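# need a structure here:
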Amino acid sequence: MSGCSVFKSNEEAQAIITKQVGGIPAGDFFDRYGRWRTRSELPSGATAYTWESVVGSASPGPYGLDDRVCKLSIIADKGGRIASAIISQDNPGRISTSRCAEMFKAP
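Now for the predicted structure:
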């Protein structure tokens, strides 16, 4: 069952996310990847978000929803740019062991 873990440390996926979203405006991220789930202001003036990828639609047949999910904890600095985006949950993807890596890998 250890191979089924979705809460994991995946350095490769984390590096991909850091490269793709680090420093971009948080608003641009949410416009492209979907709305945040929670938002809170930090004493430093930064903003903390939790973000979860959208669950896919149901396909015909017995398979049901595409429940591959990527969840991130995002911190945007005072200027609204993403200072960090840390993986908090990473399900297996469609073609790899990381949904997050698949979502954020450059085309």
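# Could you tell me which strand of the protein is the longest one?
Longest strand of the chain, by residue count under DSSP state E: strand 82-90.
# average pLDDT for that strand?
Across strand 82-90, the average pLDDT comes to 96.
# Which parts of that strand count as buried, going by neighbours?
Ile82, Ser84, Ala85, Ile87, Gln89, Asp90 (16 or more other C-beta atoms under 10 Å). Where you see a C-beta, it was placed from the backbone N, CA and C, and this is true even at glycine.
# What of stretch 16-25?
Buried positions in stretch 16-25, judged by neighbour count with 16+ other C-beta under 10 Å: Ile16, Ile17, Thr18, Gln20, Val21.
# Please narrow the residues you listed to those residing in helices.
Ile16, Ile17, Thr18, Gln20, Val21 (DSSP state H).
# still on that earlier bit, mind putting the buried residues of stretch 16-25 into JSON lines with pLDDT?
Formatted as JSON lines, the buried residues of stretch 16-25 follow (pLDDT from 0 to 100):
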{"residue": "Ile16", "pLDDT": "94"}
{"residue": "Ile17", "pLDDT": "96"}
{"residue": "Thr18", "pLDDT": "96"}
{"residue": "Gln20", "pLDDT": "95"}
{"residue": "Val21", "pLDDT": "96"}
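# which of those residues lies closest to Val69?
Ile17 (14.3 Å; C-beta to C-beta).
# can you pull the contacts of that closest one?
Leu72, Ala85, Ile87, Cys100, Ala101, Phe104 (C-beta atoms under 8 Å, 6 or more residues apart in numbering).
# Check which helix or strand the fifth one maps to.
Pointing back at Ala101 there. Under the criterion of DSSP states H and E, Ala101 resides in helix 99-104.
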